[in-house]
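A.B. asks: what's the 3D shape of this:
(chains A and B)
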Amino acid sequence: MKKLLSIEWLKLKDYNPFKVLSVFFVFGIVLVNIIVYQVNKKIIEESLPNGKMFSFHPYDFTNTWQTTSYATGFLLFLPAMLLIILITNEYAYKTSRQNIIDGWSRKEFISVKLALALIFAFVTTVIVFLTALSFGFISGTGFSTHKISHVFYFFLKALSYNVLAVFISVWVRKTGFAIGLYFIYMGAENIISQMLDLWSIKLKSDNVGDFGHLGDYLPMNASDGLLAFPDNPVKSMSKMIMPADNTQLVLILAIVYLLLFVYLSMRKFVKSDL
Amino acid sequence: MTILSVNNLTKYYGNICALSNVSFSVPEGCVFGILGPNGSGKTTLLSIVTSILKPSSGNYSLFDTEPTDEHRRNMGTLLETPNFYHYLSAVKNLAIAAAIKGNGENNIDGAIETVGLSHRKNSAFSTYSLGMKQRLAIGAALLANPDVLIFDEPTNGLDPEGIADIRSLIKELAKKGKTIIMASHLLDEVEKVCTHVAILKQGKLIASGNVDEIFITDDIVMVNAENLSQLKNAATGLPGCQDAKETNEGLQLYFQSGTVQLAAINSYFFDKGVTLSQLQLKRSSLENKFFQLTGK
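C.D. replies: Numbering: from 1, shown residues only, chains lettered A, B, ... in the order given. From the prediction side, this is the model:
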């Protein structure tokens, strides 16, 4: 795998969109968190008449892991888009064929793309970890690893986003179409998920049963659902009518969906004509 | 040793049968031409043996064994179009190819030199002309100094000089004992460089074997005179002449290959009282033979 990755690096290192998107992404993470930091300060401390009494600080330690992970989640389409471009380019240039002709097995080709998805997710997570750490210290609170599990959830979400990108690229092959489909799917799943969430609130209030957030059981929303904004005073108030957070079930589902996408991507590439 | 042996290969694209029960084998050290008109299944066939396409049925073997990834690393292949990373230079593209093959890193400059691209080796592939791209693809095939080369339409997009270069390159490679499998729709290309040939038409194998055996050709002598009917009458008794056909330009006389003596023909007609206004030996009717074989 090390050899395969070193070859993948030869393809990547001189590719300008790779550099540009990477820079965008890193600056984007910092920027998004600064925005969330500022907005929350305004809403909680200034808009609510007695906001200061709650003394809620999203970037204090314990909260910073969760807040940074949640806020950065909105930028995960960037590495996913990069992956789509990288993989569909191989089809456009027909280098997917040439790599096989030159002696890679199909499994090697698709494995290294999936490895790339893993590495992108890992690097993103490291950046999030460092960002969360910095914001925590900037907030002037003492270091704590409490709630650091959210950084792991973030990793899972990043990986899900990236693996979906690989999956769509392998099935669709055309850059524009693949990027379009990716966003359409994300949008559609979110709408369905929110409708399901509303339904689960109704089911609970009608005393039919508490099934958790039904929307979180969908492929992309499973890893999404693990991440949420920390419970601020407003959110805490609405807790009572909300269905339960079945974190364990959602976590298992997220991993199952992930493995399914990995399997289907591999199968597609290994079995089909190039 | 048999380099490549295909057995009953069949390939469907949906309902369309691109390849139907094709079987032949390629002996070591030959220049094997796969000849056929556009859409006859040449590229499909080569794509299957390079593992790009999956056959619908049938199989193939390489070097007398089951095909492996390792086999492909020891083959240099140019399939249909030059496939390279557009944003990378020739050198960087070949570095990737060499890394995948696990061989040829030291030969990158040499391969580029061989195909005459040294002056542009650091420019991005996207800036190359069609002919230059084709040259680079041939260079990439030569990179790891493989024993077997597969060229699909190798002279595509090349200028006349480039075509001549590639043909002499192929002959040179054949002299070194390399086995070359080459697909072409150009008859004279196959005739000029190949020792063996397989002819495809609409996915079916029409003939395969030694070029000399497949293309047993006649010599044609073109004659003309003032009085065509007198000429025709006289031609009936011409020794060695197998057939005579009247055309717009005169009379075509068919002889077995290599038996024509123009001086003898001239004196024969002179003795019969016919003065020839034209006497010309035409090169073999390979093209006719090809059309005859492919049924056109």
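A.B. asks: and the closest residue to residue A:92 other than its chain neighbours, what does it touch?
C.D. replies: The spatially closest residue to residue A:92, leaving aside those adjacent along the chain, is residue A:175, at 6.6 Å (C-beta to C-beta, 6 or more residues apart in numbering or on different chains). C-beta: built from backbone N, CA, C; applies to glycine. Neighbouring residues of residue A:175 by C-beta atoms under 8 Å, 6 or more residues apart in numbering or on different chains: A:84-85, A:88-89, A:92.
A.B. asks: now do 10 Å
C.D. replies: A:81, A:84-89, A:91-92, A:169 (C-beta atoms under 10 Å, 6 or more residues apart in numbering or on different chains).
A.B. asks: what's the offset of the longest helix along chain B from the middle of its chain?
C.D. replies: Ranked by residue count, the top helix of chain B under DSSP state H comes out as helix B:160-175. The chain centroid and the centroid of helix B:160-175 are separated by 12 Å under C-alpha atoms, centre = their mean, to the nearest Å.
A.B. asks: can you check stretch B:251-264 too?
C.D. replies: Mean C-alpha position of stretch B:251-264 versus that of the full chain (C-alpha atoms, centre = their mean) differs by 28 Å.
A.B. asks: OK, contacts around the spatially closest residue to residue B:163 that is not a sequence neighbour?
C.D. replies: The shortest distance from residue B:163 to any non-neighbouring residue, by C-beta to C-beta, 6+ apart, is to residue B:155 (4.5 Å). When contacts are counted by C-beta under 10 Å, 6+ apart, residue B:155 touches B:131, B:134, B:138, B:162-167, B:170, B:182, B:184, B:186, B:189.
A.B. asks: swap the cut-off to 7 Å and go again
C.D. replies: B:163, B:166, B:189 (C-beta atoms under 7 Å, 6 or more residues apart in numbering or on different chains).
A.B. asks: what subset of those is buried?
C.D. replies: B:163, B:166, B:189 (16 or more other C-beta atoms under 10 Å in any protein chain shown).
A.B. asks: is it true that the second one touches residue B:158?
C.D. replies: Which is residue B:166. Yes - Residue B:166 is within contact range of residue B:158, at 6.4 Å (criterion: C-beta atoms under 7 Å).
A.B. asks: which residues touch the helix or strand residue B:246 falls within?
C.D. replies: Residue B:246 belongs to strand B:241-247 when elements are defined using DSSP states H and E. For strand B:241-247, contacts defined as C-beta under 7 Å, 6+ apart pick out B:232, B:235, B:251-256.
A.B. asks: now, the residues you listed that are in helices?
C.D. replies: B:232, B:235.
A.B. asks: of the contacts of strand B:241-247, which is the most crowded?
C.D. replies: In terms of neighbours by other C-beta atoms under 10 Å in any protein chain shown, those top out with residue B:253 at 24 neighbours.
A.B. asks: and the stretch 51-200 of chain A, which residues reach chain B?
C.D. replies: Taking C-beta under 7 Å from any C-beta of the partner chain as the criterion, the stretch 51-200 of chain A approaches chain B at residues A:93-95, A:97-105.
A.B. asks: show me where the chain has its strands.
C.D. replies: Because you didn't say which chain, this covers chain A. Per DSSP state E, chain A carries no strands over any range.
A.B. asks: think we crossed wires, I meant chain B
C.D. replies: Using DSSP E, the strands of chain B run over B:2-13, B:16-27, B:31-35, B:57-62, B:75-78, B:148-152, B:179-184, B:196-201, B:204-210, B:218-225, B:241-247, B:250-256, B:276-282.
A.B. asks: re earlier: mind putting the buried ones among the contacts of residue B:155 in JSON lines, distance to residue B:67 and pLDDT included?
C.D. replies: Shown next, in JSON lines, are these (distance: C-beta to C-beta, whole Å; pLDDT from 0 to 100):
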{"residue": "B:163", "distance to residue B:67": "31", "pLDDT": "89"}
{"residue": "B:166", "distance to residue B:67": "27", "pLDDT": "87"}
{"residue": "B:189", "distance to residue B:67": "27", "pLDDT": "81"}
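A.B. asks: picking that back up, make TSV out of the strands of chain B and add mean pLDDT and distance to residue A:267.
C.D. replies: Formatted as TSV, the strands of chain B follow (pLDDT from 0 to 100; distance: least, C-beta to C-beta, whole Å):
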stretch	mean pLDDT	distance to residue A:267
strand B:2-13	94	21
strand B:16-27	93	24
strand B:31-35	93	32
strand B:57-62	95	21
strand B:75-78	93	26
strand B:148-152	94	28
strand B:179-184	93	31
strand B:196-201	92	32
strand B:204-210	89	33
strand B:218-225	84	56
strand B:241-247	82	61
strand B:250-256	84	60
strand B:276-282	85	58
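A.B. asks: nearest to residue B:126, out of the ones you listed?
C.D. replies: Of all those, strand B:75-78 sits nearest to residue B:126, with 18.8 Å by C-beta to C-beta.
A.B. asks: give me the helices and strands touching the closest one, please.
C.D. replies: Applying 3 or more C-beta pairs under 7 Å, 6 or more residues apart in numbering or on different chains; DSSP states H and E, one finds that strand B:75-78 makes contact with helix B:130-142, strand B:148-152.
A.B. asks: which other helices and strands contact the longest one?
C.D. replies: Looking back up the chat, that one is helix B:130-142. In terms of contacts (3+ C-beta pairs under 7 Å, 6+ apart), helix B:130-142 is packed against strand B:75-78, helix B:90-101, helix B:108-114, helix B:160-175.
A.B. asks: do that again at 8 Å, thanks
C.D. replies: For helix B:130-142, the packing partners by 3 or more C-beta pairs under 8 Å, 6 or more residues apart in numbering or on different chains; DSSP states H and E come out as strand B:75-78, helix B:90-101, helix B:108-114, strand B:148-152, helix B:160-175.
A.B. asks: got it, and the last one?
C.D. replies: Using 3+ C-beta pairs under 8 Å, 6+ apart as the contact criterion, the elements in contact with strand B:148-152 are helix B:42-49, strand B:75-78, helix B:130-142, strand B:179-184.
A.B. asks: make it 6 Å
C.D. replies: On a contact count with 3 or more C-beta pairs under 6 Å, 6 or more residues apart in numbering or on different chains; DSSP states H and E, strand B:148-152 meets helix B:42-49, strand B:75-78, strand B:179-184.
A.B. asks: walk me through which strands it pairs with, and which way each runs.
C.D. replies: Within its sheet, and counting by DSSP bridges, strand B:148-152 is paired with strand B:75-78 (parallel), strand B:179-184 (parallel).
A.B. asks: need the residues that contact the first one.
C.D. replies: To tie it back to what came earlier, the one meant is strand B:75-78. The contact list for strand B:75-78, computed with C-beta atoms under 6 Å, 6 or more residues apart in numbering or on different chains, reads A:101, B:50, B:137-138, B:141-142, B:146, B:148-151.
A.B. asks: can you tell me which of those residues is nearest residue A:111?
C.D. replies: Of the contacts of strand B:75-78, the one sitting nearest to residue A:111 (C-beta to C-beta) turns out to be residue A:101, at 17.8 Å.
A.B. asks: okay if I get the helices and strands packed on strand B:75-78 as JSON lines plus mean neighbour count?
C.D. replies: JSON lines is the format used below for those (neighbours: other C-beta atoms under 10 Å in any protein chain shown):
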{"stretch": "helix B:130-142", "mean neighbour count": "23"}
{"stretch": "strand B:148-152", "mean neighbour count": "24"}
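A.B. asks: of the ones you listed, which approaches residue A:126 most closely?
C.D. replies: Among the helices and strands packed on strand B:75-78, helix B:130-142 comes nearest to residue A:126, with 37.0 Å by C-beta to C-beta.
A.B. asks: centre of the chain to that closest one, how far?
C.D. replies: 18 Å.
A.B. asks: how far off helix B:90-101 does it point, in degrees?
C.D. replies: 30 degrees (axes from the mean of the first three to the mean of the last three C-alpha atoms, to 10 degrees).
A.B. asks: pLDDT averaged over helix B:130-142, what's the number?
C.D. replies: Helix B:130-142 shows a mean pLDDT of 93.
A.B. asks: show the model's pLDDT score for residue A:235.
C.D. replies: The model reports residue A:235 with a pLDDT of 65.
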